[in-house]
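Participant: sharing a model prediction with you, sequence too.
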2 protein chains.
Amino acid sequence: MCIKFSHPTNTTKTEHTTHNVTKTMSNNLILHGNMLSQPTRVILWFCHLNHIPIQFKNVQLHKAEHKSPQFLKWNPNGKIPVLEHAQESSFYLFESQAIVHYLRRLFIVDQHSHWYPEPSSVIDATLSNIQQIAKIDSYLSWHQNHFRPGVAGYAFAKYIGPSSFGRKFTEEQVKNAHVLCLQQLQQLNDYWLTNSSTNNDQRSMFISGAAEPSIADLFCYSELAQLMIVDEWNAKSGQFSTAPLVAPYQNVVKWMKEIEQVNGYSKIHDALLKIATKRFGGGQSKL
Amino acid sequence: MCIKFSHPTNTTKTEHTTHNVTKTMSNNLILHGNMLSQPTRVILWFCHLNHIPIQFKNVQLHKAEHKSPQFLKWNPNGKIPVLEHAQESSFYLFESQAIVHYLRRLFIVDQHSHWYPEPSSVIDATLSNIQQIAKIDSYLSWHQNHFRPGVAGYAFAKYIGPSSFGRKFTEEQVKNAHVLCLQQLQQLNDYWLTNSSTNNDQRSMFISGAAEPSIADLFCYSELAQLMIVDEWNAKSGQFSTAPLVAPYQNVVKWMKEIEQVNGYSKIHDALLKIATKRFGGGQSKL
């Protein structure tokens, strides 16, 4: 399947400053991924929000297409997503954070953008600006080293491993994975969404401490969102912030409600929401 | 212990472009770390190479200083290193990759620098330039998700866990950790140090594909270097590239020899080399 990932039509068009790279570049970016993959969702959400033209090719995980010899040439780790930048000699890039940075540099979406507020010229940076970016960078590493293993580990042990890969986990293993997951939610609540304000007069809702979300928030929400197919909640509401799993974490709940208002939320989470609705519908498990 | 981390005296002084942040900044950067920690070494090596003034405060891990209430306020994960930027209201930053990016932005060491070759103005970027940075970013994520767990996992199971933390591992656990470690070395050899040339005429020695090392190489070497206290080798030579453990990986060996010539290598690895010499001396284990 190869579809062009369409852009939002109801938002103000972002103006991209262009350099010679984008001026000579046709629409030749392809993301090889899967909408049930957290990093795939982040990249497509970022492209959607910033009007970056990209094609999406679905990688069929149940057919192990990501372990094929061709795919392993692109990413020897056999993991999605991979960005293909088709040129005379194609450029392949893996690791989702690197892909987002590559796209923002190609399309110069940084300047004056809350998604990653690097100024267009380094000498224009202020200390507050550099510290805001540092907070995003710090989160993005913490995300890989702590949040992702905790959340994805629980999702895999509780539901995805048994249902999609025939893997069995003992009750104790699931319980331990659940504890690790809750520890990450607690730190998200108590540190990243509490201690993040860079403006004492106005409490920030977002990870960078700014008044608007950054790529750190997109990565964080997309990771958390996979849990919508794991534990029971009222999936018909379409808002995962209402799930009992996250209810004890009030800062997280408030922040989730904000992110669920970001343009493209429903479109990006459509595949997950369909599975969640099938499983949990109006609050009663149907499995 | 609080020492000022001195600068190299035999190298040409790096010229920093300054912006208002650095102009008004006194020498008020403190790294709380330990020279046996891989990320601590990277940050101090980066500062040494780029003439960034920083103080180093040794965190005594055996006294669990990194788990103290004060330290946990700086980093709730209780891990070193933490950068303190002392100001009217101090700024604390954890996650080593974020710290290196923070320092390079504060001191504007990027432009024309091979360590992270971001141009000073985004519209000056070329496609080759953006792809070289993307390769560094891709490595830095892979480093956290694959290389670090593999190498540090083996170091901990084989030597550091039992010798410093009283942890016991079975022979099978050590063997499995060894296998995972070698898988990472194989991928470093076969992908990152083979497929990396962005110039077809000249084979690159380094991860980014450029003719000079980047921060990706510093992070990679510093991680690998902890193995110098784990397995037997001739530590008196001072060059870990001669160790039997890495010998099967010829691209890795060649690359290590290059990195071992980088200014500050001996100084940064002094603490590790002393332990290694005590353990392995001229090739015979003394333990």
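Facilitator: Thanks, I have the structure now. Residues are numbered from 1 along each chain as shown, chains lettered A, B, ... in the order given.
Participant: what does the stretch 101-250 of chain A have sitting close to chain B?
Facilitator: A:101-102, A:105-106, A:108, A:110-111, A:118, A:120-127, A:130-131, A:133-135, A:137-138, A:140-142, A:144-146, A:187, A:190-191 (CB under 8 Å from any CB of the partner chain). Placement of C-beta: from N, CA and C, glycine included.
Participant: buried subset of those residues, written for ChimeraX?
Facilitator: To isolate the buried members of these in ChimeraX, using 16 or more other CB atoms under 10 Å in any protein chain shown:
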select /A:101,102,105,106,108,110,111,118,122,125,127,130,131,133,134,135,137,138,140,141,142,144,145,146,187,191
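Participant: just the residues of the stretch 101-250 of chain A next to chain B: which are in helices?
Facilitator: A:101-102, A:105-106, A:127, A:130-131, A:133-135, A:137-138, A:140-142, A:187 (DSSP state H).
Participant: contacting residues for A:Phe169?
Facilitator: A:Phe169 is in contact with A:157-158, A:161-162, A:177, counting by CB atoms under 8 Å, 6 or more residues apart in numbering or on different chains.
Participant: from these, which two are the most distant?
Facilitator: A:Pro162 and A:Ala177 (12.2 Å; CB to CB).
Participant: please report how far whichever residue of the stretch 151-287 of chain A sits closest to chain B lies from B:Lys73.
Facilitator: Nearest to chain B in the stretch 151-287 of chain A, going by CB to the nearest CB, is A:Tyr191, at a distance of 5.0 Å. Separation of A:Tyr191 from B:Lys73 (CB to CB, to the nearest Å) stands at 10 Å.
Participant: still on that earlier bit, quick one: which of A:Pro162 and A:Ala177 has more around it?
Facilitator: Ranked by neighbour count (other CB atoms under 10 Å in any protein chain shown), A:Pro162 and A:Ala177 place A:Ala177 first, with 22 against 14.
Participant: next one, pLDDT for the more buried one please.
Facilitator: Looking at A:Ala177, its pLDDT reads 98.
Participant: please determine how far it is located from B:Trp45.
Facilitator: Taking CB to CB, one finds A:Ala177 at 37 Å from B:Trp45.
Participant: please apply the same query to A:Ser163.
Facilitator: The gap separating A:Ser163 from B:Trp45 is 46 Å, by CB to CB.
Participant: repeat that for A:Ile108.
Facilitator: 32 Å.
Participant: okay, and the closest residue to A:Gly264 other than its chain neighbours sits in which element?
Facilitator: Leaving aside its sequence neighbours, A:Gly264 sits nearest to A:His48 (CB to CB, 6 or more residues apart in numbering or on different chains; 4.3 Å). A:His48 belongs to helix A:38-49 when assigned by DSSP states H and E.
Participant: and the helix or strand that that helix is followed by with chain B, contact?
Facilitator: The first helix or strand that comes after helix A:38-49 along the chain, using DSSP H and E, is strand A:54-58. No - applying CB under 8 Å from any CB, one finds strand A:54-58 separated from chain B by no less than 15.2 Å.
Participant: helices or strands next to strand A:54-58 in the packing?
Facilitator: Identification of packing neighbours for strand A:54-58 by 3 or more CB pairs under 8 Å, 6 or more residues apart in numbering or on different chains; DSSP states H and E yields strand A:2-5, strand A:29-33, helix A:38-49.
Participant: try it again with 6 Å
Facilitator: Applying 3 or more CB pairs under 6 Å, 6 or more residues apart in numbering or on different chains; DSSP states H and E, one finds that strand A:54-58 contacts strand A:2-5, strand A:29-33.
Participant: paired strands for that strand, with orientation please.
Facilitator: strand A:2-5 (antiparallel), strand A:29-33 (parallel) (DSSP bridges).
Participant: mean pLDDT for the ones you listed: which is lowest?
Facilitator: Minimum mean pLDDT among these: strand A:2-5, a mean of 44.
Participant: can you tell me the closest non-neighbouring residue to the residue of the stretch 151-287 of chain A closest to chain B?
Facilitator: Nearest non-adjacent residue to A:Tyr191, counting by CB to CB, 6+ apart: B:Pro76, 5.0 Å away.
Participant: in a helix, that neighbour, correct?
Facilitator: No - counting by DSSP: H, G, I helix; E, B strand; the rest coil, B:Pro76 is located in no helix; its state is coil.
Participant: got phi/psi on it?
Facilitator: phi -60, psi -10 (degrees, to the nearest 10).
Participant: that one against A:Asp190, yeah?
Facilitator: No - taking contacts as CB atoms under 6 Å, B:Pro76 lies outside contact range of A:Asp190: 7.4 Å.
Participant: how close does A:Leu224 sit to A:Leu49?
Facilitator: A:Leu224 is 18 Å from A:Leu49, by CB to CB.
Participant: likewise for A:Asn263?
Facilitator: Per CB to CB, A:Asn263 is found 6 Å from A:Leu49.
Participant: so the two - more neighbours on which side?
Facilitator: Between A:Asn263 and A:Leu49, counted using other CB under 10 Å, the more crowded position is A:Leu49 (22 against 13).
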